[in-house]
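**Student:** got a sequence here, can you model it:
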Amino acid sequence: MFEANSDIGDVLKKGWVTFDSVNMKYTVAGGGENMWFVKDAFHYVWKKASRDLSISSEINFLGTGGNAHRKAGLIIRQNLDPDSPYADAVLHGDGLTSMQYREVKGGPTREIQANIRRPRSIKIQKEGNYVFMSVAPDKGKFRSAGGSFRIRFEEPFFIGLGVCSHDNTALEKAVFSNVEITSDSKADSGGSLLESTLETISIESKDRKAVYTAANFIEGAFWPGDGEHIFFSNNGHLYTLPKAGGNPELYDTGALTHLGSSNGFSPDRRQLAVSNYVGEHQSIIYLVPAKGGEPRLLTPNASSWWHSWSPDGTTILFAGTRNNNVDIYSIPAQGGDETRLTTQPGIDDGPEFSPDGTYIYFNSERSGSSQIWRMKPDGSSQEQITFDGYSNWFPHVSPDGKWIAFLSYEKDVKGHPANQDVMLRLLPTAGGDIEVLAKPFGGQGTFDVNSWAPDSKNLAFISFRLIHK
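**Tutor:** Numbers count the residues shown, from 1 in each chain. Purely as a prediction, here's the structure:
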């Protein structure tokens with residue numbers, strides 16, 4: 001089913017392919033130092049393609065030993081240049097299964113590690129400007145490996161099988177069986193299924209890991225002080241799971257069973273602030289003892305959405321809708337009167353204390369589009385700190401105070417709706433260039449509350465996928 005095969009990049013040992021027409025298996029041998037960084041070296045069996053499609057196969061290495069990072073996988077490339085934009089779904093020699101991609105020619109390679117190792121079969125799927133990976137652990141159906149990324153391929157592009165030895169002096173072999181290329185163009189039946197993936201991303205490498213995938217809507221991931229667990233909301237309840245993945249466990253919030261996405265522990269982890277629905281798009285804030293117990297109402301006025309504790313745990317920040325205007329308020333954690341900190345028309349949202357308590361960061365539409373601002377804890381000295389062509393929401397400051405991560409929409413998007421092309425971006429608090437961390441499909445629920453790991457090296461977020469029926 002392929003047109004040709006060739007070595008890509010600087011390969012010391014020439015690769016090759018054989019086809020067993022009886023058993024319908026391809027054996028591919030490939031050398032090359034790596035498929036990573038800004039250029040690749042491997043053997044590629046390919047054909048030209050266009051439109052939306054997928055390619056799937058069972059993949060098995062021949063022989064034992066070899067480099068643990070050797071790769072065999074399914075690859076979509078813009079061209080045959082070693083620094084071409086590409087996306088792949090690969091099995092590594094040590095069992096790691098991941099999607100890799102280079103968004104632009106000569107750019108860096110990034111990775112999304114799957115939440116399963118050594119699957120029986122792998123599939124990579126191009127759908128519009130997104131690429132997804134699925135896995136089949138046994139002879140059963142494919143299921144999502146979690147996560148996706150946005151990359152644009154000009155037609156025609158290349159699709160096929162690849163092997164890289166990760167050792168330019170060696171030649172590694174892999175068998176691809178039950179290879180199938182399928183056109184994924186579908187008539188829109190008017191309905192779709194939602195899939196959610198809780199992911200973590202390394203600030204240094206920008207590599208991602210799919211921690212947990214759900215066939216429904218989950219939201220509001222946050223990483224409490226122990227650093228070992230990640231929390232998220234699902235269908236009005238709060239769940240926790242180990243940061244490496246596993247089965248979520250229900251977290252007890254007593255009689256409160258209509259939680260939204262804005263929840264978080266106090267600095268001493270003795271109390272949990274939750275935003276609980278009391279009507280459509282209407283929320284009020286409760287404090288729940290971390291070890292269980294009766295919730296205590298903090299803000300009787302709807303709608304109120306929790307966003308931050310002060311570093312000393314004495315003050316809570318929330319976004320409140322009063323008289324049809326969304327503003328930022330503070331309130332003592334022990335209870336008392338709320339204090340309005342912003343008074344501009346329009347939406348001021350996402351307030352969060354800096355780790356040292358010096359500033360409150362927030363997003364505001366007062367300049368025409370939503371941008372990141374900051375102010376003193378008493379509401380004074382309000383100043384804008386992002387000035388760009390995007391709509392920026394929910395600034396989250398790293399525990400070490402060095403970074404502000406935030407969610408960006410296209411400029412013409414109003415509010416923070418779901419099911420959008422968004423970006424996670426990173427700004428040094430001391431000022432400097434903004435860099436892109438990830439380009440997921442998401443929006444509401446993706447990055448609503450502070451989800452930094454305690455060591456400031458990783459972030460958690462939730463990406464989504466609409467699967468058309």
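**Student:** okay, now the closest residue to residue 348 other than its chain neighbours: neighbour count?
**Tutor:** Nearest residue to residue 348, sequence neighbours excluded (Cβ to Cβ, 6 or more residues apart in numbering): residue 342, at 4.1 Å. Every C-beta, even on glycine, is put in place using the N, C-alpha and C of the backbone. The local packing of residue 342 (other Cβ atoms under 10 Å) involves 23 other residues.
**Student:** assign a three-state SS to residue 342, would you?
**Tutor:** Put simply, residue 342 is coil when judged by DSSP: H, G, I helix; E, B strand; the rest coil.
**Student:** show the contacting residues for it.
**Tutor:** When contacts are counted by Cβ atoms under 8 Å, 6 or more residues apart in numbering, residue 342 touches 327-328, 348, 362, 364, 375, 379, 382.
**Student:** repeat for residue 269
**Tutor:** By Cβ under 8 Å, 6+ apart, residue 269 lies in contact with 224-226, 290.
**Student:** what are the phi and psi values for residue 118?
**Tutor:** With angles defined as degrees, to the nearest 10, residue 118 sits at phi 50, psi 60.
**Student:** would you mind measuring from the residue nearest to it when sequence neighbours are not counted to residue 178?
**Tutor:** Distances taken as Cβ to Cβ, 6+ apart put residue 95 closest to residue 118, at 4.2 Å, once the chain neighbours are dropped. Distance, residue 95 to residue 178, by Cβ to Cβ, to the nearest Å: 20 Å.
**Student:** separate out the buried members of the contacts of residue 269.
**Tutor:** Among the contacts of residue 269, the ones that count as buried by 16 or more other Cβ atoms under 10 Å are 224, 290.
**Student:** redo the contacts of residue 269 as a markdown table? Include pLDDT and secondary structure.
**Tutor:** Formatted as a markdown table, the contacts of residue 269 follow (pLDDT from 0 to 100; DSSP: H, G, I helix; E, B strand; the rest coil):
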| residue | pLDDT | secondary structure |
| --- | --- | --- |
| 224 | 90 | coil |
| 225 | 82 | coil |
| 226 | 85 | coil |
| 290 | 92 | coil |
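**Student:** any chance of the contacts of residue 269 in TSV, with distance to residue 238 too?
**Tutor:** Below are these laid out as TSV (distance: Cβ to Cβ, whole Å):
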residue	distance to residue 238
224	11
225	16
226	15
290	12
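**Student:** so which of the contacts of residue 342 sit within strands?
**Tutor:** By the criterion of DSSP state E, membership of those in strands covers 327-328, 348, 362, 364, 375.
**Student:** quick one, domains of this structure?
**Tutor:** The chain is divided into the following domains under automatic domain parsing: 4-183, 196-468.
**Student:** the residue nearest to residue 348 and residue 307: what is the separation?
**Tutor:** To residue 307, residue 342 is 13 Å away according to Cβ to Cβ.
**Student:** now residue 425
**Tutor:** If you go by Cβ to Cβ, the gap between residue 425 and residue 307 works out to 19 Å.
**Student:** what pLDDT does residue 246 get?
**Tutor:** Per-residue pLDDT puts residue 246 at 94.
**Student:** quick one: contacts for it?
**Tutor:** Neighbouring residues of residue 246 by Cβ under 8 Å, 6+ apart: residue 212.
**Student:** gap between it and residue 457?
**Tutor:** To residue 457, residue 246 is 21 Å away according to Cβ to Cβ.
**Student:** for the spatially closest residue to residue 5 that is not a sequence neighbour, helix, strand, or coil?
**Tutor:** Among residues not flanking residue 5 along the chain, residue 45 sits closest, at 4.3 Å (Cβ to Cβ, 6+ apart). Here residue 45 takes the strand state, with states given by three-state DSSP.
**Student:** surely residue 45 touches residue 28?
**Tutor:** Yes - if you go by Cβ atoms under 8 Å, residue 45 and residue 28 touch, sitting 5.9 Å apart.
**Student:** how many residues are close by the residue nearest to residue 118?
**Tutor:** 11.
**Student:** angles on the backbone of it, please.
**Tutor:** With angles defined as degrees, to the nearest 10, residue 95 shows backbone torsions of phi 100, psi -10.
**Student:** wait, it touches residue 119, no?
**Tutor:** No - counting by Cβ under 8 Å, residue 95 sits too far from residue 119 to count as a contact (9.3 Å).
**Student:** of residue 425 and residue 307, which one has the most company?
**Tutor:** The neighbour comparison of residue 425 against residue 307 (other Cβ under 10 Å) goes to residue 307, with 28 against 21.
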